[in-house]
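Q: Quick one: sequence and predicted model below, then my questions.
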Amino acid sequence: MEAMQNVVRLHRACNNAGLEEISSLTSANSSSIKEFLEEMDKESSSIFGDLQGTLSGYQGEMALFAKELRERFQDSIVHTKETSKFINGILEKLLEESNKLESDTIIAHEAQLQSIADFRKAYEEQAHLESEKLLADMTNLVTDHIRRQKELVELRLDGLRDDAAKNKSCLAMHTSSMGSITTDAKRKWQEFSMQAEDGTKDAADFSAAKHCRMEVLLKKCVTTVDTASMHWKRAQQSVNEMSSQHVSALEQLVRNVSDGNEQHDADIASARTVAEEDVARNSDEFLHNFESISEKERESVSGIMGVVEAHSSSIQNLREDYSGQATDVKVQIQSTFEQKYMDYEPSGLTPVRCELDVPSKGTIESLRALPMESLLEEFRENHPYEPPSNTKELKPSLIPRSPLIQIN
């Protein structure tokens, strides 16, 4: 009982030392985890700060880009409007110049017709005066000459009138075509300017919508980063709390184990006292218990013997297998020597061949069963020690012999 108590005390001391080591290792692990989480928190905070700064800078750059793009679109719209206004003014001036040209052409044509009429009238009056003056002198000749001159002048004036009419019609046609071309160009330019203005407005609206969308995405990204940062902080807090709870639980378990060991030691001491008192009061019961323990030990010994016998049978089977394999090897060696080598021929230089006395299997088993001392005594009896004689005889094992002759 004292030995058992000493063993239990030693076990208690080892357990307490191991538990104290576990507690110290757990505390060190908790502190290491806490330091690691703090370092990770610093790194993650710096990373998230850099990310937020980058996103804020990107947001500012995008806002500036959208502002510049909107200003450029506004400048382009203003420039397009000014260009359209300028071209419309040019076309209106061109139309006014065409109208002026048409009116000037009409005035010139009328002036030309008036000049022709005045020239004809003056020519007729002058011819009439000259004809009356020269009528007396040159009646027939002058009359013929005047008639030919009049026909020639009328033919020439008719040609000029026809040419003037043709020029007027061509000029009117050209003026009308210029007016239609100018009108079509003005209409097409107005359509183009309106389309360009609408396209510019659509592009500006699209750019503004895209910018709003990008701002929304950036806000979502910033919100996500804030959420991730809060989640990481909550996770860190949870891990710290779990580590603290784990350490507290382990410390409580260590205390419980230590208290259990102390209680176990106290129980063993009390049991020892009770056992000593019981032994002192009732030795017969102690003897009965001792006999029951001895019976259990005998049963255990018988079980061990059964296991040993089973092991011996396994060894016997192994030996039998080994003997069979040795026999097979021996047969194989004998057949090999019989096939490859010749027998010795007796001579004066070779020793006499003798067959070996191989013991049987039963003899081998009986020898194995004998103890080593009896085997040594039997060997000494069968092989006594003889001192060397004075006569120096050559031992058979030292006689030189010829090598084995291999069968060809």
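A: Arrived safely.

Q: so how far is stretch 231-239 from its chain's centroid?
A: 26 Å (C-alpha atoms, centre = their mean, to the nearest Å).

Q: For that stretch, what does the pLDDT average out to?
A: Mean per-residue pLDDT for stretch 231-239: 75.

Q: who touches stretch 27-47?
A: Outside stretch 27-47, the residues within contact range by C-beta atoms under 8 Å, 6 or more residues apart in numbering are 229, 232-233, 236, 239-240, 243-244, 246-247. Placement of C-beta: from N, CA and C, glycine included.

Q: Reformat these as a markdown table; add neighbour count and secondary structure.
A: Listed next are these as a markdown table, based on neighbours: other C-beta atoms under 10 Å; DSSP: H, G, I helix; E, B strand; the rest coil:
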| residue | neighbour count | secondary structure |
| --- | --- | --- |
| 229 | 18 | helix |
| 232 | 16 | helix |
| 233 | 13 | helix |
| 236 | 16 | helix |
| 239 | 14 | helix |
| 240 | 15 | helix |
| 243 | 18 | helix |
| 244 | 12 | helix |
| 246 | 14 | helix |
| 247 | 16 | helix |
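
Q: which one of these sits closest to residue 311?
A: residue 246 (49.3 Å; C-beta to C-beta).

Q: Can you list the residue ranges for strands in this protein?
A: Secondary structure of the chain (DSSP state E): no strands located.

Q: would you list every one of the helices in it?
A: For the chain, the helices defined by DSSP state H occupy 2-133, 140-281, 283-340, 361-369, 372-382.

Q: Out of the helices and strands in the protein, which is least certain?
A: When each helix and strand of the chain is scored by mean pLDDT, DSSP states H and E, helix 140-281 comes last, with a mean of 73.

Q: what separates stretch 160-168 from the chain centre, distance-wise?
A: Using C-alpha atoms, centre = their mean, the offset of stretch 160-168 from its chain centre is 90 Å.

Q: Return that stretch as CSV; C-alpha atoms alone will do.
A: Provided in CSV are the C-alpha atoms of stretch 160-168 (Å, rounded to 0.1, in the frame of the first residue of the first chain):
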residue,chain,number,x,y,z
LEU,A,160,-28.9,91.1,-130.0
ARG,A,161,-32.5,90.9,-128.6
ASP,A,162,-32.5,87.2,-128.9
ASP,A,163,-29.1,86.9,-127.3
ALA,A,164,-30.2,89.2,-124.4
ALA,A,165,-33.3,87.1,-124.0
LYS,A,166,-31.2,83.9,-123.9
ASN,A,167,-28.8,85.5,-121.4
LYS,A,168,-31.7,86.6,-119.3
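
Q: Show me what counts as buried in that stretch.
A: By neighbour count on 16 or more other C-beta atoms under 10 Å, the buried set for stretch 160-168 is 164, 168.

Q: So which residues make contact with it?
A: 105-106, 109, 112-113, 116.

Q: Report the buried members of those residues.
A: 105, 109, 112.

Q: give me the number of residues near the residue nearest to residue 94 when sequence neighbours are not counted?
A: In this structure, residue 94 finds its nearest non-sequential neighbour in residue 182, 5.6 Å apart by C-beta to C-beta, 6 or more residues apart in numbering. Using other C-beta atoms under 10 Å, residue 182 has 17 other residues around it.

Q: Next up, the contacts around residue 182.
A: With C-beta under 8 Å, 6+ apart, residue 182 has these contacts: 91, 94-95, 98.

Q: Derive a PyMOL selection command for the buried subset of these.
A: Provided next is the PyMOL selection string for whichever of the contacts of residue 182 are buried by 16+ other C-beta under 10 Å:
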select buried, resi 91+94+98
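
Q: want to throw the contacts of residue 182 into JSON lines with pLDDT and distance to residue 36?
A: What follows is the contacts of residue 182, written out as JSON lines (pLDDT from 0 to 100; distance: C-beta to C-beta, whole Å):
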{"residue": "91", "pLDDT": "74", "distance to residue 36": "80"}
{"residue": "94", "pLDDT": "74", "distance to residue 36": "84"}
{"residue": "95", "pLDDT": "78", "distance to residue 36": "86"}
{"residue": "98", "pLDDT": "74", "distance to residue 36": "90"}
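
Q: and residue 370, what are its phi and psi?
A: phi -70, psi 150 (degrees, to the nearest 10).

Q: Please report how far it lies from residue 362.
A: 13 Å (C-beta to C-beta, to the nearest Å).

Q: So for these two, which residue has more residues nearby?
A: residue 370 (11 against 8).

Q: mind checking pLDDT for the more buried one?
A: So residue 370 comes in at 76 (pLDDT).

Q: show me what contacts residue 63?
A: Applying C-beta under 8 Å, 6+ apart, the residues near residue 63 are 211, 215.

Q: From residue 69, how far off is it?
A: Distance from residue 63 to residue 69, by C-beta to C-beta: 11 Å.

Q: Residue 197 now?
A: 17 Å.

Q: Ok, residue 89 next?
A: 30 Å.

Q: higher neighbour count, those two?
A: residue 69 (16 against 10).

Q: now the more buried one, nearest residue through space, not along the chain?
A: That would be residue 207: by C-beta to C-beta, 6+ apart, it lies 5.4 Å from residue 69.
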